[in-house]
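Student: Any chance you can model this:
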Amino acid sequence: RVQRQRAKLDGQRLPPTREQDEARAQCTQLESAIEEYIRRCYGDWVQTVETGLAKYLENSLMTRAQAALDDRLNGTLLKRGERTEEGVALEQNFDKSLIRLFNEVIYWEKLRYDIPFVAMEICGRDNKERFRVMRENVMLVVRDYNSILQVLTKDERRLFQERIHFLDKKITPGLGKLKWAGRGIGDYIRECRKHCSDVRQLVFDFKAAKEQIAHACRQVSATSLVHIKKKRVYDDIEFQGEQRAHADQVRRTLGTMHSEVKATMLRAFEVFRYDGDDVQAEWMRFVEKVDKMLEEALRTTVKRSLQELSRAINGDARTDVQPLFRLNAVLDTNRVEFKPTIANLKETVESVSQEAITTVAAVPRLSEALRASAEGDARVEASGRQTFFEVISADEDITKIVGQIIAGMSGIQTKMAKYLTTWDRYKHIWDVDKDAFMRRYAKANRSLTAFETDIQRYKELQNEIQSEEGITNSGFIRIDSSPLKQTLTGHCHKWQVKFTNLLNDNANADLS
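Tutor: Just a heads-up that it's a prediction; the model follows:
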């Protein structure tokens, strides 16, 4: 590169100067120093090239991690990586110093220096390419094997321990028997890759099954056990009927999801059905984990569904309470009452809350369902563990939410009682015996002005009642007073008719 730069300068027609001569002299000195440095490095390198490098090709292809690693070609094809909690991975064990020698030969050849025969014998073009292909093929085995270990968790490795042990047996020849200069390496690599591919497919199928189970659990947790339409106001019978229909649909949905999870588990178990006791014990631990996942999903959906019902009744920091139930204010046996009563409405809401929890009883534990399938009898005796329903119904958080719902229902009773008292000012309209009152009124022989005053008073009461609010929202309850207003205006009309008839009777009596 220095010579090229000098040639470019010499090619320029520059006037001779003293500085030009000094630069040429310094360039000549630099070229000489570099050439001397290269010759010295070449000499040192030649001294490092050992004779008899071919003997390293007689060593084994691979070695265990605990064996001392040789930095030459006598290293094995593969070596074990450091042992970690996740297991032992493989590494390619081709000697790094030989790779460095291959590269050094390339650059000395570019500089047109003679390569020692012992180096050319190993690093010739054919050998170099052959070892490069061999290293790449060995790396394929390393990547295949390590990819299996990398995707498996600690627990999953215990589950696949017999498959991994099977692979270790197939890989063992490369850890001791096969040599870099030996024969049969191609067949060995093809066989190892085939078995790795088979095991990797089993692992990926198991991973896919786990994802299907996780997806099913997410669907379970996203399932709502109560169905409350926004801006919909229910009466108690309508609400209870709709929730029961929804609960029946949810039971069918949960049953379908549980069947899918069970079928997925049974397919996954076929891989381990005939494995040893350690694998069977690990499989049971895996079943327990899936059982726990399903239990948590059911707990989540129950909790979230009850929270939705509680929020509709009590509201929260971000949501104002909207009317959910409709009550009719009616006059029943001379008393202003609600139809349905608050007690009936409270019973309905408590029933829906318990129904939401009871829905999970349709989902049995996977451990028992799988055991029943394995034994071919759905009536297999229970293991004595608590069911999902028993665990979830006793959950502290869920019990607390149910308590909040009941407290909300109880708390509305005071407001409802206060609302009923607002109609007490009209109590004399329906509470007085009209016939008895009119008989006393007739004996009193009232004047025409008194009649007019009383008739006008009931007309005004009738207008006042009609001007009362027909719809009143109080918390989560919408009160419809239309039936009560209609009844009271009817009583006002009857009073007017009574007074008018009495006045008419008195007029007839006076004329006769």
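Student: got any ranges where the stretch 151-300 of the chain has weak pLDDT?
Tutor: Across the stretch 151-300 of the chain, not a single residue meets the criterion (pLDDT under 70).
Student: Start from the N-terminal end of it and give the helices.
Tutor: 154-159, 161-176, 185-222, 236-269, 277-314 (DSSP state H, counting those that start in this stretch).
Student: Give me whichever of these is most buried.
Tutor: Mean neighbour counts were compared across these using mean count of other Cβ atoms under 10 Å; the top stretch is helix 277-314, at a mean of 18. For every residue, glycine as well, the C-beta is placed using N, CA and C.
Student: Helix 236-269 and the helix or strand following that helix, what's the angle between them?
Tutor: The helix or strand immediately downstream of helix 277-314 is strand 325-332, counting by DSSP states H and E. With axes from the mean of the first three to the mean of the last three Cα atoms, to 10 degrees defining the directions, strand 325-332 sits at 150 degrees from helix 236-269.
Student: which helices and strands does strand 325-332 pack with?
Tutor: strand 335-339, helix 342-358, helix 396-421, strand 477-480, helix 482-511 (3 or more Cβ pairs under 8 Å, 6 or more residues apart in numbering; DSSP states H and E).
Student: can we see that at 6 Å?
Tutor: Other helices and strands packing on strand 325-332, by 3 or more Cβ pairs under 6 Å, 6 or more residues apart in numbering; DSSP states H and E, are strand 335-339, strand 477-480, helix 482-511.
Student: Identify the residue spatially nearest to M257, adjacent ones excluded.
Tutor: A216 (5.0 Å; Cβ to Cβ, 6 or more residues apart in numbering).
Student: pretty sure the one you found contacts K262?
Tutor: No. The criterion here is Cβ atoms under 6 Å, and A216 misses it with K262 at 10.1 Å.
Student: mind checking how far the spatially most central residue of the chain is from W45?
Tutor: By Cα atoms, centre = their mean, the mean C-alpha position of the chain lies nearest to R218, the distance being 5.0 Å. Distance, R218 to W45, by Cβ to Cβ, to the nearest Å: 63 Å.
Student: now do E121
Tutor: Distance, E121 to W45, by Cβ to Cβ: 16 Å.
Student: Below-threshold pLDDT in the chain: ranges please.
Tutor: 1-14, 20, 51-87, 372-384, 512.
Student: hey, C-alpha coordinates of stretch 306-316 in CSV?
Tutor: The C-alpha trace of stretch 306-316 is given here as CSV (Å, rounded to 0.1, in the frame of the first residue of the first chain):
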residue,chain,number,x,y,z
LEU,A,306,-69.1,-10.9,40.6
GLN,A,307,-67.2,-7.7,40.5
GLU,A,308,-69.3,-6.7,37.4
LEU,A,309,-72.5,-7.4,39.3
SER,A,310,-71.1,-5.6,42.4
ARG,A,311,-70.2,-2.6,40.2
ALA,A,312,-73.7,-2.5,38.7
ILE,A,313,-75.1,-2.4,42.3
ASN,A,314,-72.6,-0.3,44.2
GLY,A,315,-70.6,1.5,41.5
ASP,A,316,-67.0,2.3,41.8
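Student: Check whether E31 sits in a helix, strand or coil.
Tutor: When classified by DSSP: H, G, I helix; E, B strand; the rest coil, E31 comes out as helix.
Student: got the contact list for E355?
Tutor: A247 (Cβ atoms under 6 Å, 6 or more residues apart in numbering).
Student: 7 Å instead?
Tutor: Residues near E355 by Cβ atoms under 7 Å, 6 or more residues apart in numbering: Q243, R244, A247.
Student: For those, give me JSON lines that also has distance to R193.
Tutor: JSON lines is the format used below for those (distance: Cβ to Cβ, whole Å):
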{"residue": "Q243", "distance to R193": "58"}
{"residue": "R244", "distance to R193": "59"}
{"residue": "A247", "distance to R193": "54"}
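Student: between the residues you listed, which is closest to T153?
Tutor: Nearest to T153, judged by Cβ to Cβ, of the contacts of E355 is A247 at 37.5 Å.
Student: For the closest one, give its distance to S305.
Tutor: With Cβ to Cβ as the criterion, A247 and S305 are 10 Å apart.
Student: Residues in contact with both of the two, list them for me.
Tutor: Listed as contacting both A247 and S305 by Cβ under 7 Å, 6+ apart are L225.
Student: before we move on, the earlier item: quick one: closest of the helices and strands packed on strand 325-332 to E19.
Tutor: Per Cβ to Cβ, nearest to E19 of those: strand 477-480, 103.4 Å.
Student: so how far is that closest one off the chain centroid?
Tutor: Computed by Cα atoms, centre = their mean, to the nearest Å, the chain-centroid distance of strand 477-480 equals 40 Å.
Student: quick one on the thing from earlier: would you reformat the helices and strands packed on strand 325-332 as TSV and include distance to E156 and mean neighbour count?
Tutor: TSV is the format used below for the helices and strands packed on strand 325-332 (distance: least, Cβ to Cβ, whole Å; neighbours: other Cβ atoms under 10 Å):
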stretch	distance to E156	mean neighbour count
strand 335-339	60	17
strand 477-480	54	20
helix 482-511	67	15
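Student: can these go into JSON lines with extra columns for distance to E136?
Tutor: Below are those laid out as JSON lines (distance: least, Cβ to Cβ, whole Å):
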{"stretch": "strand 335-339", "distance to E136": "84"}
{"stretch": "strand 477-480", "distance to E136": "77"}
{"stretch": "helix 482-511", "distance to E136": "87"}
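Student: so which of those gets nearest K96?
Tutor: strand 477-480 (81.7 Å).
Student: So what touches the closest one?
Tutor: By Cβ under 7 Å, 6+ apart, the list of residues contacting strand 477-480 reads V233, P323, F325, R326, L327, N328, A329, I412, Y419, G470, I471, T472.
Student: could you pull out the strands for the stretch 1-150 of the chain?
Tutor: Here the stretch 1-150 of the chain has its strands, by DSSP state E, counting those that start in this stretch, at 78-80, 90-92.
Student: quick one on the thing from earlier: who wins for proximity to A362 among the helices of the stretch 151-300 of the chain?
Tutor: helix 236-269 (4.3 Å).
Student: Can you name every helix or strand that that closest one contacts?
Tutor: When contacts are defined as 3 or more Cβ pairs under 7 Å, 6 or more residues apart in numbering; DSSP states H and E, helix 236-269 packs onto helix 185-222, helix 342-358, helix 366-375.
Student: what angle do it and helix 277-314 make?
Tutor: 160 degrees.
Student: and helix 236-269, how far from the chain's centre?
Tutor: 19 Å.
Student: Pull up the gap between E129 and W45, please.
Tutor: Separation of E129 from W45 (Cβ to Cβ): 22 Å.
Student: Name the residue in the two with the higher neighbour count.
Tutor: Between E129 and W45, counted using other Cβ atoms under 10 Å, the more crowded position is W45 (16 against 10).
Student: Name the nearest residue to the more buried one, sequence neighbours excluded.
Tutor: Going by Cβ to Cβ, 6+ apart, W45 has E104 as its nearest residue, at 6.5 Å.
Student: So what's the residue count around that neighbour?
Tutor: Counted with other Cβ under 10 Å, E104 comes out at 16.
Student: same deal with the one 3 residues further on?
Tutor: The tally of other residues near Y107 (other Cβ under 10 Å) stands at 9.
Student: can you check L345 too?
Tutor: So L345, with other Cβ under 10 Å, has 26 neighbours.
Student: just the one 4 residues further on next, same as before
Tutor: For V349, the count of nearby residues is 24 (other Cβ under 10 Å).
Student: In this structure it contacts I405, no?
Tutor: Yes. Counting by Cβ atoms under 7 Å, V349 touches I405, with 6.4 Å between them.
Student: quick one on the thing from earlier: which one of the helices and strands packed on strand 325-332 lies closest to P15?
Tutor: strand 477-480 (107.1 Å).
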